[in-house]
Every structure is written in C-alpha cells, then in structure tokens.
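>>> what's the 3D shape of this:
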Amino acid sequence: MEISDPLDIHRVFPQHPEQDQIDEYRRLTAEQAGGVAIISTSVRNRDLAATVSSFLSVSYDPPTLLVSLYAESRIALAVLESGSWALSLLTAEQKGHANWLASPGTPVEGLLQQIDFRRGPMTGNAVIAGALAYFEVETTAVHEAATHVLVVGHVLSMGEDAPWSKELSPLLHYGGDYRRLK
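You can find the predicted model right below:
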C-alpha cells in the first residue's frame with residue numbers, strides 16, 4: 001500500500017489529542033536531551049524553587065532567558081507575582097537536588113533547607129551552590145502556551161558557581177530520566 005502523504009499516519013490534532021497521541025508526543029520529546037536547572041524566587045519572605053528542564057537562551061544582546069512553567073504550579077504563580085527569578089544550571093552531582101525539587105508534595109516551608117545556596121547579588125533569590133552557572137532574571141514578558149506559561153526575562157547578573165573542570169558534567173534530562181554527559 002502506497003501512502004500519498006506519509007505524515008498523514010502520525011498527524012496529531014493538538015486541539016483534541018487522544019491519550020495515545022499525548023503519550024506518543026511525550027515519548028518523542030523525551031528523546032531530546034535538555035539541561036536541568038533549578039528556578040527560584042521569593043514571595044512574601046518565602047523561598048520557592050522547582051526543577052526545570054524547559055529553558056533556553058533567547059538572545060545574547062541583551063542577555064535574555066525563557067523558562068516554561070506549568071501554569072498552575074506554585075513556582076509559576078510565585079514567579080509571576082515576584083517579577084524576578086534565578087536559574088541555576090545543575091551538575092550531574094546535583095541530581096539529588098533535582099529529584100527533591102521535582103517531587104510532588106514537597107513542603108513550602110523549609111523547601112531549601114537541605115540544599116546549599118546563597119543569595120543572588122541583584123534579586124536576593126536563591127542561587128544553588130556549586131551550580132555550573134547561574135542567572136538572575138527580571139521578567140519582561142509572559143506568554144500563555146497550552147497548560148504552561150513561558151516566562152521571558154532580562155538577565156540582571158550571571159556567573160559560575162562551580163570551578164570549571166573537564167570532569168564536571170552537566171545534569172541532563174533524557175529518556176524520562178536524569179543522566180550525565182560523561
């Protein structure tokens with residue numbers, strides 16, 4: 001049997017996807033490796049943080065970042081309220097931090113008590129100690145996208161928290177699990 005348009009077999013209708021189409025989309029997108037980071041902010045003197053793997057550099061001039069957050073999550077609501085956030089790119093050795101902050105039901109009180117961090121110089125948001133890099137960001141735009149919000153921001157400060165070394169590996173999310181580069 002000849003197929004006139006091979007794309008017809010896998011066509012997905014995003015307005016009304018079936019569960020098997022959603023599962024297939026999740027499987028296929030998990031085949032892309034992505035860096036793992038912790039986003040943090042502070043609202044009413046309370047630190048909030050979460051693990052993210054959907055972020056990207058939007059522009060070098062001026063330095064601009066974007067992060068995708070589930071719209072109904074505590075971290076999304078907090079980032080939208082505070083207007084500033086920090087993004088700490090994790091090393092493979094910080095997998096435990098990623099697991100802790102990605103776990104459902106983590107407490108709001110004392111969320112960062114078991115993670116070593118310092119305050120960013122511009123926003124005062126938590127910067128994870130030993131991270132590959134960190135960025136302090138001021139939100140400049142928010143876009144709704146399906147069940148998520150895309151938060152875009154101007155970088156206020158950045159730096160490295162871990163001394164660079166050939167043995168240092170970034171923490172990656174690939175195939176539904178955390179992995180190391182080497």
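
>>> give the buried residues for the helix or strand where residue 140 lies.
Secondary structure from DSSP states H and E places residue 140 in strand 133-145. Neighbour-count burial for strand 133-145 flags 133, 134, 135, 136, 137, 139 (criterion: 16 or more other CB atoms under 10 Å). Heads up, the C-betas are built off the backbone N, CA and C, glycines and all.

>>> so what strands line up beside that strand?
strand 84-89 (antiparallel), strand 148-159 (antiparallel) (DSSP bridges).

>>> and among the ones you listed, the most buried is which?
Counting by mean count of other CB atoms under 10 Å, strand 84-89 has the highest mean neighbour count of these, with a mean of 25.

>>> dump the next helix or strand after that one to CSV, restricted to CA.
Sequence order places helix 95-102 as the next helix or strand after strand 84-89, per DSSP H and E. Taking Å, rounded to 0.1, in the frame of the first residue of the first chain, the C-alpha atoms of helix 95-102 are listed here in CSV:
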residue,chain,number,x,y,z
LYS,A,95,20.9,15.1,40.8
GLY,A,96,19.6,14.8,44.4
HIS,A,97,18.6,18.5,44.4
ALA,A,98,16.8,18.0,41.1
ASN,A,99,14.9,14.9,42.4
TRP,A,100,13.9,16.7,45.7
LEU,A,101,12.5,19.8,43.9
ALA,A,102,10.8,17.8,41.2
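
>>> got the contact list for helix 95-102?
36, 38, 49-51, 90, 106, 111, 114-115, 128, 171, 178 (CB atoms under 8 Å, 6 or more residues apart in numbering).

>>> can you put the residues you listed in CSV and add distance to residue 155?
Shown next, in CSV, are the contacts of helix 95-102 (distance: CB to CB, whole Å):
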residue, distance to residue 155
36, 19
38, 16
49, 18
50, 19
51, 20
90, 18
106, 27
111, 24
114, 28
115, 22
128, 17
171, 21
178, 25
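
>>> could you list the low-pLDDT ranges of the protein?
Judged by pLDDT under 70, the chain has its weakly predicted residues at 1-15, 162-165, 182.

>>> can you give me the helices for it?
With DSSP state H as the criterion, the chain has helices at 19-29, 74-82, 95-102.

>>> chain center to the shortest one: distance?
Which is helix 95-102. 12 Å (CA atoms, centre = their mean, to the nearest Å).

>>> what are the buried residues along it?
95, 97, 98, 100, 101, 102.

>>> need the max-distance pair from those.
95 and 101 (11.2 Å; CB to CB).

>>> mind giving me TSV with the strands paired with strand 133-145 and columns for distance to residue 31?
Output for the strands paired with strand 133-145, formatted as TSV (distance: least, CB to CB, whole Å):
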stretch	distance to residue 31
strand 84-89	21
strand 148-159	20
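
>>> residue 77 is nearest to which of those?
Using CB to CB, the nearest of those to residue 77 is strand 148-159, at 9.5 Å.
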